[in-house]
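Chemist: the sequence and its predicted three-dimensional model are supplied below.
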Amino acid sequence: MAWQNIPMTALDLAFVLFDYAAVAVFGATGALAAARRKHDIITFAFFAAVTGVGGGTLRDLLIDAPVFWVARPGYLLVCLAAAVAVWLLGRRAWRMNLLLWLDAVGMAAYCVVGAAKALSLGVHPVSAAVMGVLTACFGGVIRDVLANEPSVLLRREIYVTAALLGAGVFVALASFGVDRLLASSAGMVVAFAVRGGALKFGWSLPGFPGTPD
Amino acid sequence: MAWQNIPMTALDLAFVLFDYAAVAVFGATGALAAARRKHDIITFAFFAAVTGVGGGTLRDLLIDAPVFWVARPGYLLVCLAAAVAVWLLGRRAWRMNLLLWLDAVGMAAYCVVGAAKALSLGVHPVSAAVMGVLTACFGGVIRDVLANEPSVLLRREIYVTAALLGAGVFVALASFGVDRLLASSAGMVVAFAVRGGALKFGWSLPGFPGTPD
Amino acid sequence: MAWQNIPMTALDLAFVLFDYAAVAVFGATGALAAARRKHDIITFAFFAAVTGVGGGTLRDLLIDAPVFWVARPGYLLVCLAAAVAVWLLGRRAWRMNLLLWLDAVGMAAYCVVGAAKALSLGVHPVSAAVMGVLTACFGGVIRDVLANEPSVLLRREIYVTAALLGAGVFVALASFGVDRLLASSAGMVVAFAVRGGALKFGWSLPGFPGTPD
């Protein structure tokens, strides 16, 4: 990322850690999709990698940045570790609930990290917010398409909306010159709070009321 | 697009208008896919955006051009407007028929606009025609994959063929030095006429006659 | 490819021939997917093209190389020829078995060709091996997603593993300075042998033993 080329502050380091943590958590959800169908360890690793780095890959292609994991295969190794961890720990009844909450943390981190990378490369703020949403959501979308399951887009629970609010808050604050630490924290808290509310209370937006067919 | 950097003629302006109109029409078909499953407004917007800009995004990635909507988020706002329009107007029984014809207009515009952008960047004519087809068809393909519906590729009615003929006529005429206005019009008319015939008369190409399994 | 810009040796020529042969074989598997559903010739060509060039396209986007077929539409014509061949020859009961073995040859060629192209552009060895796997496998993944069939990722038979071993052997040998002809041959032989064993003896890796839900 752009800020890795200049001397690192504690905030920069936090961003990098969030980045790896989000890759690991998303990778674990990919491996879990493979576990549900009792696949082998290579398929575990493939799903972990696609889910872990898929959203950020799309973001980098769209904003014409070098794809982040190609020069830093550490990201792939993190996905591999997540796959192995799910394989080993998943023998017990899997604590799906824990994973959903970890996924919420990953989503909250990624919608801000994705938007921040786009902003730092001079992308228009509206597009930068969209990049945050894509980074947070598209890995899971690719996972579900490849696993032939209904994607997160087709479930009624709030997910994309939480990413959009988090990215939107961050981009808006950053555009008005608010300190980056504050803007990032606000974006992550908003995204996590909204997604957490959906998990805990089943929040959803009203569906289309018409009879389109 | 390349021609937006030089003084605009009426033709250039027409191309830009066709471009936005095609995004709006395709965006509306995406929102309609969301309406069929009674999704919320955010999902409407997501499907509208993916369908509206998906084909052109793939084209730009393949020919290594900056992705057209990243620097001009107006395209995303057009998709958002299309999603809101479908939400508001779709409460009445949706006039599917009108949408199919609008989609035919969008397809006819996009197969020419997509090929023209590729040609203007020096892409080989054969590849430029393929870019026209991808621009016209791939937004819908992504929409159908994400919505877990059989894609336009799997339906028997003529669609890809119409885009291929339209893009082919445009590229052939343009390569032989025919005036761009004439070549564009011819390509759009051919694509629209073939697709219109398929809609009105159920035209289809003969299917594979063998017994492959 | 990078080595096409310098004077060609016999090895270079072999690589180019392997490249076209793999595109043709994968294209044929795409056309066969269309044949199963009795599609028309345009859909045959579309599936042949997507399957034939899909994996290499993803590789080139990820490593930021010009997409290989855009400047050389000969690759598309090879896919078209494969589609026509399947159309004409497929009327007889299709020899699925032959195709599976040809696909194994294509996969073995592509996992090495894909990794070699990445290495020649200075990509990190770990990422280069991943590029080999993607080149070999992703065309088929896109074909299966578009055809709405369970992808190769979801079948239990060894496939991705063979590509990974072939690409890994090639990259490891090339990184240790082994002659490229030897490294390439070793990679292809390993990939083909493992995939061939899976075809002939039904080899598969052990599946996940847990009860994740």
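Modeler: That came through fine. Numbering: from 1, shown residues only, chains lettered A, B, ... in the order given.

Chemist: what about the lengthiest helix in chain A, near chain C?
Modeler: Longest helix in chain A, counting residues (DSSP state H): helix A:10-36. Yes: contact of helix A:10-36 with chain C (CB under 8 Å from any CB of the partner chain) involves A:32, A:34, A:35, A:36. C-beta here means a position set from N, CA and C on the backbone, and glycine is covered the same way.

Chemist: now residue A:45: how far from chain C?
Modeler: Relative to chain C, residue A:45 is positioned 9 Å away (criterion: CB to the nearest CB, to the nearest Å).

Chemist: ok, that residue touching residue A:81?
Modeler: No: contact criterion CB atoms under 8 Å: residue A:45 and residue A:81 do not qualify, at 9.7 Å.

Chemist: next, name the residue at the spatial heart of chain A.
Modeler: In chain A, the C-alpha nearest the mean C-alpha coordinate belongs to residue A:136, at 3.0 Å (CA atoms, centre = their mean).

Chemist: list the contacts for that one?
Modeler: A:55, A:106, A:107, A:108, A:110, A:111, A:114, A:163, A:166, A:167, A:191 (CB atoms under 8 Å, 6 or more residues apart in numbering or on different chains).

Chemist: and if we set it to 10 Å?
Modeler: A:22, A:26, A:55-56, A:59, A:106-115, A:159-160, A:162-164, A:166-167, A:191, A:195 (CB atoms under 10 Å, 6 or more residues apart in numbering or on different chains).

Chemist: restricted to helices, list those residues.
Modeler: A:22, A:26, A:55-56, A:59, A:106-115, A:160, A:162-164, A:166-167, A:191, A:195.

Chemist: just give me the neighbour total for residue A:171.
Modeler: 28 (other CB atoms under 10 Å in any protein chain shown).

Chemist: element containing it?
Modeler: Assigned by DSSP states H and E, residue A:171 belongs to helix A:160-175.

Chemist: off-centre distance for that helix?
Modeler: Relative to the chain's own centre, helix A:160-175 is displaced by 14 Å; criterion: CA atoms, centre = their mean, to the nearest Å.

Chemist: could you point out where chain A is predicted with low confidence?
Modeler: Applying pLDDT under 70 to chain A flags residues A:1-8, A:91-96, A:152-154, A:210-213.

Chemist: 50 instead, please
Modeler: By pLDDT under 50, the low-scoring segments of chain A are A:1-6, A:212-213.

Chemist: any idea how far chain C is from residue A:105?
Modeler: Taking CB to the nearest CB, one finds residue A:105 at 21 Å from chain C.

Chemist: I'd say that residue and residue A:22 touch.
Modeler: Yes: Residue A:105 lies in contact with residue A:22 (CB atoms under 10 Å); the separation is 7.8 Å.

Chemist: those two - which one has more neighbours?
Modeler: Neighbours were tallied for residue A:105 and for residue A:22 using other CB under 10 Å; the higher tally belongs to residue A:22 (29 against 18).

Chemist: hmm, residue A:82 and that one touching each other?
Modeler: No: Residue A:22 is beyond contact range of residue A:82, at 11.1 Å (criterion: CB under 10 Å).

Chemist: overlap in contacts of these two?
Modeler: Joint contacts of residue A:22 and residue A:82 (CB under 10 Å, 6+ apart) are residue A:52.

Chemist: list phi and psi for the closest residue to residue A:65 other than its chain neighbours.
Modeler: Nearest non-adjacent residue to residue A:65, counting by CB to CB, 6 or more residues apart in numbering or on different chains: residue A:121, 6.0 Å away. Main-chain dihedrals, residue A:121, degrees, to the nearest 10: phi -100, psi 10.
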